[in-house]
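[1] How does the following fold in three dimensions:
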Amino acid sequence: MTTLAFAILLAACMVAYALNRRAATGLRDGGQRLHSVSGYHGLFALLMILVPVLVVILLWLVLQGAVVNRLVMSSLPEGTLDGLGKGQVDLILAEIQSIAGGRVFGEPEVWKIAAAERFSGLLQSAALGLVLVTALLSLAIMFFARSKVSAEFRARQGAERIISGLMIFCSVIAIFTTVGIVASLAFETVKFLKLVPLTDFLFGTSWEPQIPIRADQVAAEGAFGWLPVIVGTIVITIVAIVIAIPIGLLSAIYLNEFAPKPVRSVCKPILEVLAGVPTVVYGFFAILVVAPAIRSLGAAWGIDVAPNTALAAGGVMGIMLVPFISSFADDALSAVPRALRDGALALGATRAETVMNVLFPAAIPGIVGGVLLAVSRAIGETMIVVMAAGLMANLTLNPLESVTTVTVQIVTLLIGDTSFDNPKTLAAFALGMMLFIVTLIINIFALRIVRKYREAYD
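    Residues are numbered from 1 along each chain as shown. Okay, here's the model as predicted:
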């Protein structure tokens, strides 16, 4: 039924567009001078139907489940839920929903079967109601939009107001989403810092978030010093960037300025294929090829190498980041005006001097954007680190040791049934907040570099 509702909405939009455009075209052909062209009359009708009806459908789908559940639970025999906690009530509701879906375990009570039948009936009624409301509302708005067609009607302004409202709404949603993310992180971080001192978290050199979950459980006291985690993140990121930046920039410069067209047409698509490889494949490559090769090389040179190393994870991650840096740098170099190239070459500069002294400074904003994207990907990468670097939080700068990252620890901490008022779970939010702050500092630093060294041209 939901699919049918969206199909009705799509059909109504298309019909409204065609009707209003045809009506406006008829007025124009009849000799009347239209304020707006025929296409805007059709677009106005389409948007008039699409926006409100889509909002109604989405609200209906969001509220439908809660309303049906409340009606079903309120129709249960009197006294059924007396003395039960929220968890037990939710369990009964889940059992009713399972019975309604045909998943019956054992011999359920008669009242549960009746509630399941009522649940199914209410869902069917709600789905049918959604289709009827969609159809009726679409028809009503279609007739209203059709009645607005006239030579004096400002259809273009009407359509532009709707589009402008949509853009403002999307901008507000984006802003409030960002504010909500930061606020949720800050709220949970404050709860964590009430249980773990700030000094222990910021300056502690041990990360062992293993604490008792129950009073009768034996476990360690737990240590929540984030230094080993952030140091591991920095080590892996530096290894990845040291590999990705030179390869990415040099490949972009060569393909953009020096490579023949046949070579560029072949090499650039092959290079960009790396961006579409899943990270788990990179993880397999790191653990099956790169890590054994590093261990074998270390054994040949008499160097102790851990089974999982930051060098293996960072090296493979650097290869993964090459397409991002190369693509951004290539686009930035291509965006530099051709007149700058020709002018530098006309003054006697070599192609290498033109690239380094003219094109590269002009393309710095785009290049820094690519590097920032690569750094963000490196900091936020999880799968490669889990497979190639391990889960042990070691405070070391040696890339041949096993380390872990902030994102890996966040995933590890949120796995399981630990309650959200437990320091072990809240530590994930504290790590997320610190990662957000570190990323923000990197972005601010990069913007200052761009503003300082950017070359402006007319």
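
[2] Counting neighbours, what do you get for the closest residue to residue 15 other than its chain neighbours?
    Excluding the flanking residues, the one nearest residue 15 by C-beta to C-beta, 6 or more residues apart in numbering is residue 142, at 7.0 Å. Yep, even glycine has a C-beta here, placed from its N, CA and C like the rest. Look at residue 142: counted by other C-beta atoms under 10 Å, it has 20 neighbours.

[3] Quick check: residue 142 touching residue 49?
    Yes: using C-beta atoms under 8 Å as the test, residue 142 is close enough to residue 49 to be in contact (6.2 Å).

[4] Pull up the overlap in contacts between these two.
    Residues touching both residue 142 and residue 49 by C-beta atoms under 8 Å, 6 or more residues apart in numbering: 12, 16.

[5] helices or strands up against the helix or strand that contains residue 436?
    Using DSSP states H and E, residue 436 sits in helix 423-453. Judged by 3 or more C-beta pairs under 8 Å, 6 or more residues apart in numbering; DSSP states H and E, the packing partners of helix 423-453 are helix 155-195, strand 223-224, helix 227-253, helix 364-380, helix 406-413.

[6] Quick check: which of those is nearest to residue 450?
    helix 364-380 (5.2 Å; C-beta to C-beta).

[7] which parts of the next helix or strand after that closest one are buried?
    Once the chain leaves helix 364-380, the next helix or strand it forms, by DSSP H and E, is helix 383-388. Across helix 383-388, burial judged by 16 or more other C-beta atoms under 10 Å covers 383-388.

[8] do stretch 183-201 as well
    Buried residues in stretch 183-201 (16+ other C-beta under 10 Å): 185, 188-189, 191-193, 196, 201.

[9] Could you identify the most distant pair in the residues you listed?
    Greatest spacing in the buried residues of stretch 183-201, by C-beta to C-beta: 185 and 196 (15.7 Å).

[10] contact partners of the helix or strand bottoming out on mean pLDDT in the chain?
    The helix or strand of the chain with the poorest confidence is helix 86-100; it has a mean of 77 (mean pLDDT, DSSP states H and E). Residues from elsewhere that reach helix 86-100 (C-beta under 8 Å, 6+ apart): 69, 72-73, 80-81, 84, 104-105, 108, 112-113, 115-117, 119-120, 123.

[11] In ChimeraX, select just the buried ones from those.
    Filtering those down to the buried ones (16+ other C-beta under 10 Å) takes a single ChimeraX command:
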select :69,72,73,112,115,116,119,120,123
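
[12] coming back round to it: so which of the helices and strands packed on helix 423-453 is nearest residue 358?
    Distance to residue 358, taken as C-beta to C-beta, is lowest for helix 364-380 among the helices and strands packed on helix 423-453, at 11.8 Å.

[13] elements contacting that closest one?
    Counting contacts by 3+ C-beta pairs under 8 Å, 6+ apart, helix 364-380 packs against helix 227-253, helix 310-334, helix 406-413, helix 423-453.

[14] what's in contact with it?
    Under the criterion C-beta under 8 Å, 6+ apart, residues 233, 236-237, 240-241, 244-245, 248-249, 314, 317, 320-321, 324-329, 331-333, 335, 360, 405-407, 435, 438-439, 442-443, 446, 449-450, 453-455 lie in contact with helix 364-380.

[15] got a list of what residue 336 touches?
    By C-beta under 8 Å, 6+ apart, the contact list for residue 336 reads 358-359, 362-363.

[16] could the helices and strands packed on helix 423-453 be laid out in JSON lines, adding distance to residue 310 and mean pLDDT?
    Shown next, in JSON lines, are the helices and strands packed on helix 423-453 (distance: least, C-beta to C-beta, whole Å; pLDDT from 0 to 100):
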{"stretch": "helix 155-195", "distance to residue 310": "26", "mean pLDDT": "89"}
{"stretch": "strand 223-224", "distance to residue 310": "21", "mean pLDDT": "80"}
{"stretch": "helix 227-253", "distance to residue 310": "5", "mean pLDDT": "89"}
{"stretch": "helix 364-380", "distance to residue 310": "12", "mean pLDDT": "82"}
{"stretch": "helix 406-413", "distance to residue 310": "12", "mean pLDDT": "84"}
